[in-house]
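Asker: Quick check, what structure comes out for this input:
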Amino acid sequence: MTRTVIITGASSGIGREAAIELAAGGAQVAVVGRNAERTRAVADQVGGRAFLSDYDRLDDVRRLADELLDAYPRIDVLANNAGGLVSERGLSHDGHERILQSNHLAPFLLTRLLLPRLLESSGRVVSTASVANLFGSVRLDDLNWAKRPWLGGWRQYGTSKIETILFVRELARRTGLEAFSFHPGIVKTSFGSSSPMWRMANVLSNGNYGISAHAGAVPLIQLSGPSSVSVENGTYFDQLKPHGRLHRHAQDDLLAEALWDRTSEIVGVDPQV
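Answerer: As a prediction, this is how the structure comes out:
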């Protein structure tokens with residue numbers, strides 16, 4: 001049976017590399033991206049189908065979910081890889097801080113809308129997190145990061161990755177669906193291109209700061225592949241090493257439950273599954 005793998009953020013970087021490798025291994029890949037030209041080019045390259053979505057608009061995510069459900073009677077893997085860093089604080093079309101929306105609210109909503117199909121298919125969710133979780137700090141009364149200094153968005157980015165890890169843990173606990181998160185390594189892609197600190201790191205390293213996108217995609221490829229994952233469900237990986245270092249908030253089960261409920265309220269879904 002051909003496996004169906006949905007990869008968001010697949011028009012470039014580690015998402016593109018994973019789409020190429022997984023398709024070469026026989027998977028049917030749904031290539032999800034925001035840039036129409038790049039997304040369609042990757043879909044053509046891997047023999048998959050292109051789906052466009054702008055995570056700054058939650059209605060776009062709802063439309064995307066409908067299109068995916070119409071296209072695929074079975075979903076074996078949902079790889080939540082889209083997201084990024086915004087160096088200047090701004091609000092999405094829906095009025096939420098943009099890093100929060102692209103890295104947490106949108107993938108949460110997409111996963112919840114696809115969840116019945118994933119459960120029917122005994123599927124798996126794989127989410128791109130980051131070692132940056134170590135310098136985040138989740139406050140349920142300030143998810144939009146309006147009460148704290150912005151500092152180039154890095155602490156909010158790290159916080160969004162705590163939220164990713166908590167979401168995966170709580171998804172596994174509530175549903176029993178296989179769910180894992182991972183840090184890909186420090187990857188040389190367009191990520192963080194608007195950040196002065198990131199640009200400085202690239203200048204000082206003569207453009208050699210970080211590993212290649214192909215190397216960074218290895219954990220995404222492995223976790224999205226057909227092999228079983230013989231670790232505790234909900235585990236966070238540092239590249240291919242399970243149980244990577246976590247901020248204390250990322251290990252807080254009560255916070256995971258409360259964040260699930262609060263996020264469900266924000267995006268307008270029932271917290272019960």
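
Asker: Output stretch 225-244 as CSV, nothing but the C-alphas.
Answerer: These are the backbone C-alpha positions of stretch 225-244, laid out as CSV (Å, rounded to 0.1, in the frame of the first residue of the first chain):
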residue,chain,number,x,y,z
GLY,A,225,9.3,6.8,7.1
PRO,A,226,7.7,3.4,7.4
SER,A,227,9.9,2.1,10.2
SER,A,228,8.5,1.9,13.7
VAL,A,229,9.9,4.3,16.3
SER,A,230,10.9,2.3,19.4
VAL,A,231,10.7,5.1,22.0
GLU,A,232,8.0,6.4,24.2
ASN,A,233,5.2,8.1,22.3
GLY,A,234,5.5,11.9,22.4
THR,A,235,9.3,11.9,22.6
TYR,A,236,11.3,14.9,21.5
PHE,A,237,14.5,14.1,19.5
ASP,A,238,17.7,16.1,19.2
GLN,A,239,18.4,15.2,15.6
LEU,A,240,18.3,11.4,15.8
LYS,A,241,18.9,11.2,19.6
PRO,A,242,15.7,10.7,21.6
HIS,A,243,15.1,12.6,24.8
GLY,A,244,16.9,15.8,23.8
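
Asker: quick check, distance from it to the centre of its chain.
Answerer: Between the centre of stretch 225-244 and the centre of its host chain there is 15 Å, according to CA atoms, centre = their mean, to the nearest Å.

Asker: Check which residues of that stretch are buried.
Answerer: Residues of stretch 225-244 classed as buried by neighbour count (16 or more other CB atoms under 10 Å): G225, V229, N233, G234, T235, Y236, F237, D238, Q239, G244. In short, each C-beta sits where N, CA and C put it, glycine included.

Asker: cool, and stretch 165-180?
Answerer: Applying 16+ other CB under 10 Å to stretch 165-180 flags 165-174, 177-180 as buried.

Asker: follow-up on the earlier one: closest one of the buried residues of stretch 225-244 to Q156?
Answerer: Taking CB to CB as the measure, Q156 lies nearest Y236 of these, at 19.2 Å.

Asker: Test my guess that that closest one contacts H243.
Answerer: Yes: using CB atoms under 8 Å, Y236 is in contact with H243, at 7.1 Å.

Asker: From G84, how far out is S264?
Answerer: When CB to CB, to the nearest Å is applied, the distance between S264 and G84 equals 24 Å.

Asker: who's more crowded, those two?
Answerer: Taking other CB atoms under 10 Å, S264 and G84 do not tie; G84 has more neighbours (20 against 17).

Asker: Would you confirm that the more buried one contacts Q101?
Answerer: No: shown here, G84 and Q101 do not form a contact pair, counting by CB under 8 Å, at 11.1 Å.
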